[in-house]
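Colleague: I would like the atomic coordinates for the input below:
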Amino acid sequence: MRNAILVLFMLVAHTFVGAQSEVPQKVIHDVEVELEGEYRYFYNKGQFQGQQDHYPSIAIRPEYSAEWNKGYESINFKGFARIDRDEARTRWDIRELYYQKAKNNWELSIGLRKVYWGVAESNHLVDIINQTDAVESFDGEDKLGQPMVQFSWITDDWGTFDFFYLPYHRKRTFAGDEGRLRFGTVIDNDDLNYESGAEQWRQDVAIRWKYFLGAFDIGLSHFYGNGREPLFVFTPTGGINAFYPVINQTGLDVQITHNAFLWKLESIYRNADAQDFLAMVAGLEFTFSNIDGNGLDIGLLGEYLYDERDELALTALQNDVFFGSRIAFNDIQDTSILLGGIKDLKQSSTIFSVEASRRFGSSWTAEIEARVFSDIETSELILSNFQDDSFLRLRISRFF
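Modeller: Residues are numbered from 1 along each chain as shown. This is a model prediction of the structure:
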């Protein structure tokens with residue numbers, strides 16, 4: 001039912017588009033399909049009943065776009081479907097389906113879309129428009145499409161202003177009974193309530209200002225509406241109560257480019273009746289370029305993460321240090337490796353990670369990801385549920 005409503009929302013937008021064009025125009029179509037085979041292996045026996053060690057799955061990601069009016073107008077679609085042993089990962093979804101029009105110094109988008117904000121590597125604090133797809137990836141990089149109307153106004157002297165109207169809230173996804181990386185109590189999305197009486201139909205708004213000034217890349221944003229993170233309350237018996245609060249969140253992201261250095265800062269202040277807090281991530285990246293004379297780049301990364309919620313932070317990143325290295329071979333196969341780790345400064349908890357990808361031929365891609373949870377303290381209310389969930393993931397994709 002929910003997806004049907006979203007599709008109807010898109011069809012209304014498409015009807016609006018058709019009404020604007022009375023003169024036939026040349027339309028350029030583009031179709032691409034990605035077929036993916038994925039295998040996840042968890043090193044340790046599951047902490048909770050029903051969990052498995054081996055999780056094979058297949059996924060399909062179709063894409064379609066149509067452009068006309070010299071590229072100033074377009075319809076864009078990205079779909080997604082997966083079959084997995086974990087029933088919560090077995091689903092289909094519309095990632096994007098929107099109409100876009102650009103003219104002079106403005107741009108309008110209507111429909112289901114994904115928008116990314118932020119500059120940090122280890123935690124994307126200011127990135128609040130889209131809901132996180134928590135069963136698709138552990139690092140929060142995968143997002144659900146967000147129904148929206150976005151209007152962007154580009155100025156020569158004052159930067160870019162983005163205005164968002166968000167008429168529908170999408171709930172975060174969580175692993176099912178047989179899934180890994182889940183809480184001891186399986187979270188059913190139907191059990192997650194809202195502070196707002198309008199529930200998921202609360203009308204949310206957001207605004208963001210982007211400005212480039214020499215070496216400075218600045219973003220300032222404000223969001224008002226249903227929070228994307230549910231607020232968890234753990235009961236003495238081990239149960240979980242959760243709801244989505246109404247929040248005001250002001251965010252700042254800054255990146256400074258100086259020679260081989262990138263200095264990065266993301267900070268938010270979130271205000272709600274149930275909880276107020278400040279969080280930030282700050283750090284730098286230094287890149288050794290073209291080391292072997294054949295394009296090899298090696299970047300060194302370091303970031304500090306702080307969150308006033310302490311152990312109740314859903315990301316479990318409350319007083320931690322991230323360290324890592326990004327290796328880009330800049331070869332025809334687009335080979336890259338990201339090595340990293342996050343260390344809690346007050347406790348022994350540490351997370352190590354490896355991500356690597358490489359193209360084969362013109363239509364194949366292989367990716368490897370590993371996460372290792374080491375010495376996780378039982379006092380970590382979030383991470384302690386994942387202490388036995390170190391895993392290796394292999395993905396092979398074919399593009400058509």
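Colleague: Every contact and neighbour count from this point should use C-alpha atoms.
Modeller: Fine.
Colleague: wait, what's in contact with residue 37?
Modeller: Contacts for residue 37 were tallied using C-alpha atoms under 8 Å, 6 or more residues apart in numbering; they are 56, 57, 58, 59, 395, 396, 397.
Colleague: From residue 140, how far out is residue 304?
Modeller: To residue 140, residue 304 is 18 Å away according to C-alpha to C-alpha, to the nearest Å.
Colleague: Those two: which has the busier surroundings?
Modeller: residue 304 (22 against 16; other C-alpha atoms under 10 Å).
Colleague: Pull the contacting residues for that one.
Modeller: Taking C-alpha under 8 Å, 6+ apart, one finds 281, 282, 283, 319, 320, 321, 322 in contact with residue 304.
Colleague: Low-confidence regions, this structure specifically.
Modeller: Along the chain, segments meeting pLDDT under 70 span 1-24, 234-239, 311-316.
Colleague: which residue is nearest the middle of it?
Modeller: For the chain, the residue nearest the mean C-alpha position is residue 141 (3.4 Å; C-alpha atoms, centre = their mean).
Colleague: Excluding chain neighbours, what is closest to that one?
Modeller: Excluding its sequence neighbours, the residue lying closest to residue 141 (C-alpha to C-alpha, 6 or more residues apart in numbering) is residue 132, at 7.4 Å.
Colleague: hang on, that neighbour packs against residue 144?
Modeller: Yes. Between residue 132 and residue 144 there is a contact at 6.1 Å, judged by C-alpha atoms under 8 Å.
Colleague: Neighbour count: the two, which is higher?
Modeller: Higher neighbour count among residue 132 and residue 144: residue 132, with 25 against 22, using other C-alpha under 10 Å.
Colleague: now that one: how far from residue 59?
Modeller: Applying C-alpha to C-alpha, the value for residue 132 to residue 59 is 18 Å.
Colleague: ok so, going back, show me the contacts of residue 304 that map onto strands.
Modeller: Those of the contacts of residue 304 mapping onto strands are 281, 282, 283, 319, 320, 321, 322, per DSSP state E.
Colleague: show me the contacts for the second one.
Modeller: It refers to residue 282. Counted by C-alpha under 8 Å, 6+ apart, residue 282 has contacts 120, 263, 264, 265, 266, 303, 304, 305.
Colleague: Also the third one?
Modeller: Residue 283 is in contact with 120, 263, 264, 265, 301, 302, 303, 304, counting by C-alpha under 8 Å, 6+ apart.
Colleague: For the residues you listed, which two are the farthest from each other?
Modeller: Greatest spacing in the contacts of residue 283, by C-alpha to C-alpha: 265 and 301 (13.0 Å).
Colleague: so how far is residue 58 from the residue nearest to residue 141?
Modeller: Using C-alpha to C-alpha, one gets 20 Å for the distance from residue 132 to residue 58.
Colleague: same question, residue 361
Modeller: 21 Å.
Colleague: between the two, who's got more neighbours?
Modeller: The residue with more neighbours, out of residue 361 and residue 58, is residue 58; 17 against 9, by other C-alpha under 10 Å.
Colleague: Check which element follows the host helix or strand of the more buried one along the chain.
Modeller: Element membership of residue 58, judged by DSSP states H and E, is strand 54-68. Under the assignment DSSP H and E, the closest C-terminal helix or strand after strand 54-68 is strand 73-84.
Colleague: and the angle from that following strand to strand 54-68?
Modeller: Relative orientation of strand 73-84 versus strand 54-68 (axes from the mean of the first three to the mean of the last three C-alpha atoms, to 10 degrees): 170 degrees.
Colleague: Any idea how far strand 73-84 is from the middle of the chain?
Modeller: Per C-alpha atoms, centre = their mean, to the nearest Å, the displacement of strand 73-84 from the mean C-alpha position of its chain is 16 Å.
Colleague: Same question for stretch 152-161.
Modeller: Centroid separation between stretch 152-161 and its chain, computed with C-alpha atoms, centre = their mean, is 25 Å.
Colleague: next one: stretch 57-73
Modeller: 20 Å.
Colleague: Output it in PDB with nothing but the alpha carbons.
Modeller: What follows is stretch 57-73, C-alpha atoms only, in PDB (Å, rounded to 0.1, in the frame of the first residue of the first chain):
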ATOM      1  CA  SER A  57      21.200 -13.100  -2.100                       C
ATOM      2  CA  ILE A  58      20.500 -11.700  -5.500                       C
ATOM      3  CA  ALA A  59      19.400  -8.100  -6.400                       C
ATOM      4  CA  ILE A  60      18.400  -6.200  -9.500                       C
ATOM      5  CA  ARG A  61      18.700  -2.400 -10.000                       C
ATOM      6  CA  PRO A  62      16.900  -1.100 -13.200                       C
ATOM      7  CA  GLU A  63      17.400   2.500 -14.200                       C
ATOM      8  CA  TYR A  64      15.700   4.600 -16.800                       C
ATOM      9  CA  SER A  65      15.900   8.200 -17.900                       C
ATOM     10  CA  ALA A  66      14.300  10.400 -20.600                       C
ATOM     11  CA  GLU A  67      15.700  13.800 -21.500                       C
ATOM     12  CA  TRP A  68      14.200  16.500 -23.700                       C
ATOM     13  CA  ASN A  69      14.300  20.300 -24.200                       C
ATOM     14  CA  LYS A  70      18.100  20.100 -24.800                       C
ATOM     15  CA  GLY A  71      18.500  18.200 -21.500                       C
ATOM     16  CA  TYR A  72      16.800  20.900 -19.400                       C
ATOM     17  CA  GLU A  73      13.900  18.500 -18.600                       C
END
